[in-house]
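Engineer: make a model of this:
(one chain, ligands or ions: 1)
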Amino acid sequence: MKFEFGTGISSYQVEGAYQEDDKLPSIWDTLSHSDGNISDKSNGDIATDFYHRYEEDIQLAKELGIQSFRFSFSMCRILDKNGRVNHKGIEFYQRVVDCILQYGMEPVVTLYHWDLPQFLQDKGGFTNPEIVDYYAKYVEVVAKEFKNKIKTWITFNEPQCFIGLGYSGREHAPKIHASLKEMILATHHVLLCHAKAYQILKGINPKCVVTFVNTFSINIPLVEDRELEDYCYNHTFESPKNENEFYNTVIYTDPLYFGRYPADYLALAASQDVTFSKEDMMTIKLAKPDRIDINIYSGNYFAKDENGNISMQNLVKEEEITSFDWLRARPKVLYYGPKYFYQRYHLPIVISENGVCYDDQLEDDKVHDPNRSKFILEYFSQLKRAIKDGIDVIGYYYWSLEDNFEWAYGYSKRFGLVYIDYEHGLKRVKKDSFYTYKNLITETRNG
Ligand code: NOJ
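Structural biologist: Below is the predicted model:
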């Protein structure tokens, strides 16, 4: 089976070296350095020290047998406040990219994984339209530098979190309380940044793949039933009604793949005196991503009562519990999720992230994590079911290659296939699930 397997990491979560080589401070440096924002009071100053140990990690990824190595560039390392290029930052990413290529994998680069330079946030972050030019400048620099080496670019990762949560005061940087109007503008500016990046990247290398990563919590019919499934599908693509509902997908995916916002969202924008110019909408329409990348972890069950009324079910089965309350191990999300997105947009689908955190323990240099192995196998079998039903899924990336800084939860949540021993020099230890994923890759690709 020709299928792309990968793993993911992101700059702030692993790099560390937070002041090295003239890197600018990011909004995550600011948030983690002020009290009360990170549950274990940690920060990403050192993280897993990927900045210095990238070769060791890339080698581990190679051993897994993955084809695609997903990581992110930090804008804070590439440009200074005046838009001048920081060559030391470029050189670091050149070393990383060369190493990935040497080991025979494809580097897949996320251009924005949440670590905005703080000085841009001080000017309003994504609510300020000036961000579009700065982002475009950054993209132009890296697109030229890496023209012959990077084939796949992800312009943004999960605006549902960095706008939806970060601009409504919930746990993510910049943790501000934006108004509804500002949320709408920020969303629009993210799309314009994507569109400009698309033009630049394709202009420099017409053959490159440009994509955008969304996420969503998938609505799962508790029993298989057409009406229930239709309800779950429709509910997935509902627009927000207020500023607290911007953990939303359709306000990104409809403009990205259809070139227009949903009608009820346009009405919401109009209620805030926001209208979108024809020119902006045309720019967005001309930047349709080449494929659908979606991060899928968990979802909610829906069922019908005896009167036919449909509602969300609050049941949680024992085997669904992980170390995060938002993450219930519900493999069917990898069946229904791709199905809904394919049904609506008809483009090839990549599961750009899927993974789980458990309280892993290191014992005698080993980490036995049978629940993660079970998670991977059961989720993947649901994905195969989707493929069998004709859904064009072309890739799967496990999150994450290694344990790392899990945002507002610091190092207390472990998603990795590789355990990081934070107490003992950041030693890397392959968990049992590392071998489960490795075997799955070998079997699937040989099968
Ligand atoms: C999504 C994000 O892209 C990633 O940074 C995060 O660590 C995982 N989900 C797990 O929460």
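Engineer: now H189, nearest residue through space, not along the chain?
Structural biologist: Ranked by C-beta to C-beta, 6 or more residues apart in numbering and with sequence neighbours excluded, the top spatial neighbour of H189 is F126, at 4.9 Å. Quick note: C-beta positions are derived from backbone N, CA and C, even for glycine.
Engineer: hang on, that neighbour in a helix?
Structural biologist: Yes. Under DSSP: H, G, I helix; E, B strand; the rest coil, F126 sits within a helix.
Engineer: number of residues surrounding it?
Structural biologist: Neighbourhood size, F126 [other C-beta atoms under 10 Å]: 28.
Engineer: cool, and Q19?
Structural biologist: Neighbours around Q19, by other C-beta under 10 Å: 11.
Engineer: what's the spacing between it and E55?
Structural biologist: 22 Å (C-beta to C-beta, to the nearest Å).
Engineer: just T48 next, same as before
Structural biologist: Taking C-beta to C-beta, one finds T48 at 13 Å from E55.
Engineer: mind listing the helices for the stretch 151-300 of the chain?
Structural biologist: Using DSSP state H, counting those that start in this stretch, the helices of the stretch 151-300 of the chain run over residues 159, 180-204, 226-236, 250-258, 263-271, 278-285.
Engineer: from those helices, which stretch is densest packed?
Structural biologist: helix 159 (a mean of 29; mean count of other C-beta atoms under 10 Å).
Engineer: give me the contacts around it.
Structural biologist: T187, V190, N214, Y252 (C-beta atoms under 8 Å, 6 or more residues apart in numbering).
Engineer: what's the closest of the residues you listed to T110?
Structural biologist: For these, the minimum distance to T110 (C-beta to C-beta) is 12.7 Å, reached by N214.
Engineer: looking at T48 and E55, which is more packed in?
Structural biologist: Taking other C-beta under 10 Å, T48 and E55 do not tie; T48 has more neighbours (29 against 15).
Engineer: tell me the centre residue of the protein?
Structural biologist: When C-alpha atoms, centre = their mean is applied to the chain, the residue found nearest the centroid is N157 (4.1 Å).
Engineer: which ones are touching that one?
Structural biologist: Contacts of N157 (C-beta under 8 Å, 6+ apart): S10, S72, T110, Y112, H113, W114, V213, N295.
Engineer: and for F126?
Structural biologist: Each residue near F126 by C-beta under 8 Å, 6+ apart is listed here: I163, Y167, L185, A186, T187, H189, V190.
Engineer: for the third one, which non-adjacent residue is closest in space?
Structural biologist: Read that as L185. L185's closest residue in space is T127 (C-beta to C-beta, 6+ apart), at 5.3 Å.
Engineer: next: the fourth one.
Structural biologist: Across the structure, with C-beta to C-beta, 6+ apart as the measure, the residue nearest A186 apart from its sequence neighbours is F126 (3.9 Å).
Engineer: I'd like the distance between the residue in the stretch 1-150 of the chain positioned nearest to the ligand and F50.
Structural biologist: Proximity of the stretch 1-150 of the chain to the ligand (C-beta to the nearest ligand atom) peaks at S10, 5.2 Å away. As judged by C-beta to C-beta, S10 and F50 stand 10 Å apart.
Engineer: over to N205?
Structural biologist: Distance from N205 to F50, by C-beta to C-beta: 26 Å.
Engineer: and those two? Which one has more around it.
Structural biologist: F50 (25 against 18).
Engineer: so who does that one touch?
Structural biologist: Taking C-beta under 8 Å, 6+ apart, we find F50 in contact with I9, V14, E15, G16, D57.
Engineer: what about the second one, how many residues nearby?
Structural biologist: Going back to what we said before, that points to V14. Counted with other C-beta under 10 Å, V14 comes out at 25.
Engineer: same check, this time on the third one
Structural biologist: Using other C-beta under 10 Å, E15 has 30 other residues around it.
Engineer: again, but for the last one
Structural biologist: Neighbour count of D57, defined by other C-beta under 10 Å: 24.
Engineer: alpha carbons only: can I get stretch 352-369 in CSV?
Structural biologist: Only the C-alpha atoms of stretch 352-369 are listed here, as CSV (Å, rounded to 0.1, in the frame of the first residue of the first chain):
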residue,chain,number,x,y,z
SER,A,352,-1.5,15.3,10.1
GLU,A,353,-1.7,14.5,13.8
ASN,A,354,-3.2,11.7,15.9
GLY,A,355,-1.8,10.5,19.2
VAL,A,356,-2.4,10.0,22.9
CYS,A,357,-0.9,10.9,26.3
TYR,A,358,-0.6,8.5,29.2
ASP,A,359,1.4,8.6,32.5
ASP,A,360,4.3,6.6,31.2
GLN,A,361,6.8,5.3,33.7
LEU,A,362,10.5,4.5,33.1
GLU,A,363,11.5,1.2,34.6
ASP,A,364,14.9,-0.4,34.0
ASP,A,365,15.4,1.7,30.9
LYS,A,366,12.1,0.6,29.4
VAL,A,367,8.7,2.1,29.0
HIS,A,368,5.8,-0.3,28.7
ASP,A,369,2.9,1.5,27.3
